[in-house]
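A.B. asks: sequence-free structure coming up:
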Ligand SMILES: [Zn+2]
């Protein structure tokens, strides 16, 4: 289990006297007071780095805080640990005979769920566990709509999932103000929005996977920073699609960012990195390979050599230079934008068309022209490529696959009254 110290609750007798110390004497910034009527307390949060202090004053004599102060005097009341999966943590504690005040998680403030552990099991400290409200909570399912299949002429398309990750909302939506993007992608208490990772299988003459999610390299600090949620992952998705890693002939990379290429390699029992799909040729654009193996300060954070270097060492890497046909009906097209050699994939069979938009249009919200991640190295190139992509998608009824959308796998882009609209087709 991973847990982060969310806040430390301090029971006080008199809030204004407490503020005279924490705010005035210490000089800490204090958030506006909150009245929690059901608990009969007034609370002030005092941010201290990633965590907060919570000053709690009773507003009625029957409040738990009033009774606490009465019995023990003011002081440390509880600590709150933030966890990703409260149900799992509570089950784990129960199975170990830990005494819980809340046998089942219950609703807390701001859409969170909480459960208290009895101090008799925690060596004298009241411990609250809290799972914050998830971004896009209403839309996100666990497991995510595991796989969706679509027949395109002679080809079969299967949208898979490698779970979720979270990324700073400002990074994801660029010049769009938070007041606008937070409507479609609510952020968590670290300002992160939830993104899916949806590799796409194309089955025809051969079996291809486009991008492969984040994979598992076992880096807990990384997983925490990016809020990685692997309760459902690519291994399970492949199994649900009745595919084994050995069935994949071709692995095609839109680009080599870690959230697309992370699943290209795995660690074997001896800790050595090897290609995850043992029979596959891995196809990467040469320019992207050159960039990823010669990183500069603006793109070091997006690439991890462990995801792709082992491919060259294993002799399974195939570099392509142009917009070529990868297998019948499947072509790559360079867009630039997110990275210099970022490419999308166009798929065509029996007069029907689909496209894998990768990071050119990562979520359905990004169909709008000006919604371009601040992460993109060349936003003006993204804009130009997206205009062309959208125009083609509208004119030729292209089924567009959105790699990062947490709830919609694919949809059609329509133009109505001068505005672009996305009509979901697969979840
Ligand atoms: Zn991405």
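C.D. replies: Everything's here; your move. Note that the coordinates shown come from a computational prediction; the quantities given were computed from them, not determined experimentally.
A.B. asks: so residue 278 sits in a helix?
C.D. replies: No: looking at residue 278 with DSSP: H, G, I helix; E, B strand; the rest coil, it is coil, so not inside a helix.
A.B. asks: need the longest helix for this structure.
C.D. replies: Counting by DSSP state H, the longest helix found in the chain is helix 379-395.
A.B. asks: Show me which residues of that helix are buried.
C.D. replies: Neighbour-count burial for helix 379-395 flags 379, 381, 382, 385, 386, 389, 390, 393, 394 (criterion: 16 or more other CB atoms under 10 Å). From N, CA and C alone the C-beta is placed, and that goes for glycine too.
A.B. asks: Redo those residues as CSV? Include distance to residue 334 and pLDDT.
C.D. replies: What follows is the buried residues of helix 379-395, written out as CSV (distance: CB to CB, whole Å; pLDDT from 0 to 100):
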residue, distance to residue 334, pLDDT
379, 16, 97
381, 10, 97
382, 12, 98
385, 9, 98
386, 14, 97
389, 12, 98
390, 17, 97
393, 17, 97
394, 21, 96
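A.B. asks: Tell me the one of these nearest residue 176?
C.D. replies: residue 379 (12.0 Å; CB to CB).
A.B. asks: so what's the nearest residue to that closest one once chain neighbours are set aside up against?
C.D. replies: Leaving aside its sequence neighbours, residue 379 sits nearest to residue 372 (CB to CB, 6 or more residues apart in numbering; 4.8 Å). Residues in contact with residue 372 (CB atoms under 8 Å, 6 or more residues apart in numbering) are 174, 175, 337, 366, 379, 382, 383, 386.
A.B. asks: helices or strands up against the longest helix of the chain?
C.D. replies: strand 410-416 (3 or more CB pairs under 8 Å, 6 or more residues apart in numbering; DSSP states H and E).
A.B. asks: Starting from the strand it packs on, tell me which strands it pairs with and how they run.
C.D. replies: strand 399-401 (antiparallel), strand 419-426 (antiparallel) (DSSP bridges).
A.B. asks: And residue 289, its phi and psi?
C.D. replies: Torsion angles at residue 289 (phi, psi; degrees, to the nearest 10) stand at phi -60, psi -40.
A.B. asks: ok now do it, which residues does it touch?
C.D. replies: Counting by CB under 8 Å, 6+ apart, residue 289 has contacts 256, 308, 317, 319.
A.B. asks: By neighbours, which of those residues wins?
C.D. replies: residue 256 (27 neighbours; other CB atoms under 10 Å).
A.B. asks: which residue packs closest to it, ignoring adjacent ones?
C.D. replies: residue 292 (4.2 Å).
A.B. asks: dump the residue contacts of the residue of the stretch 301-427 of the chain found nearest the ion.
C.D. replies: Proximity of the stretch 301-427 of the chain to the ion (CB to the ion) peaks at residue 359, 4.3 Å away. The neighbours of residue 359, taking CB under 8 Å, 6+ apart as the test, are 254, 255, 257, 260, 337, 338, 342, 373, 376, 403, 404.
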